[in-house]
Structures are given as structure tokens and as C-alpha cells.
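K.L.:
heads up, no residue letters with this:
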């Protein structure tokens, strides 16, 4: 009996230490774009895949099930500490962002590309200041001085352990119970 309980606790511990990853992919060229969100559970098991395509004015959804991210819009005041707690424990596994941008005026293209670099630097510094571990692997911003164009390709994989998700969800509950005791 003791051996079974020990094995059960060990299996539970192994499950809680597994990673959950969230993968974002966005691609845009001209007026056509595609967004893919993939949530993977322990051992890389896909739990949710949402896809949104827009081309020639039509929009399609990839997964018919309800999105697990709808809870973000509900009760935002209670969920804000949960989100920041998850962000602090998350790790950026892969970060790739390629942008090709151009206008008909070369001077305007140079100014806009410079401002984009400032915004990208600010975003990376902000995320690292908020506790994100890791560094962006590949960021490329290529100006096109000869023709107006816009192309972007973004891919990011963020992972965290299941135990961090559970403890982050328990924090608001603990606050509610503490307020009721007073």
C-alpha cells in the first residue's frame, strides 16, 4: 500500500513538472494574413489549435471548440495578477520575427524603419524587465527603398510548467478567502 502511494505521488510530481507550451505564428503579405495559435500539453500533446486566415475578404476559423483564452476577457481585474504571474514564470523557447517594409519615398522608409527598431527594442526590454527569461533568437527588419510593400512573419513559442499555472490560478482564490475572513 505504501509503495502504491509513493508511486502515485511520484507520478503526480512528474506530471506537475512537465511543460505546457503556447505557440503563436503570424504571417502577412499584402492583404493576406494567417494567425495560428497552438497549445501543447505535457509531452507535446496538442490540446488546442486555432487558425485564422484572411484573404480576399473571407475569414475562417480552424477549431470549432471554444477557445481556452476567452477567460482573459472575463473578470479582467481578478485575472491580471494571474497573467503577470504566468508571464514571470514563462520562458521564451523560440522567437523569430521578420519584417520587410517599404514606401515609395526612401527617406520616409528610413524614418519608419528606425522607429520600428525603437519599438522592437522597447518591447524586448519591457518583456525582459517583467521577468521573461531568454533572448529573442532572430529579429530581422529589412527596408525596401524601391517599392511600397509590407511583409511580416512572426513565430514565438512560450512555455511554462504546469505547477506554475496551478499556483497562479490559486493566488486570486487565496485573496478572496483572506478577504472573507476579515
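P.N.:
Noted; the coordinates are in hand. Note that the coordinates shown come from a computational prediction; the quantities given were computed from them, not determined experimentally.

K.L.:
host element of residue 107?
P.N.:
helix 106-129 (DSSP states H and E).

K.L.:
mind checking how far that helix is from the chain centre?
P.N.:
Distance of helix 106-129 from the chain centroid (Cα atoms, centre = their mean, to the nearest Å) equals 20 Å.

K.L.:
next SSE after it?
P.N.:
Immediately after helix 106-129, counting by DSSP H and E, sits strand 138-144.

K.L.:
partners of that next one, with directions?
P.N.:
strand 91-102 (parallel) (DSSP bridges).

K.L.:
just the buried residues of the partner strand, please?
P.N.:
By neighbour count with 16 or more other Cβ atoms under 10 Å, strand 91-102 contains the buried residues 92, 95, 97, 99, 101-102. In this view, the C-beta of every residue, glycine as well, is placed from N, C-alpha and C.

K.L.:
what's the angle between that strand and helix 106-129?
P.N.:
170 degrees (axes from the mean of the first three to the mean of the last three Cα atoms, to 10 degrees).

K.L.:
how about the helices in this structure?
P.N.:
All helices of the chain, identified by DSSP state H, fall at 2-16, 76-89, 106-129, 162-181.
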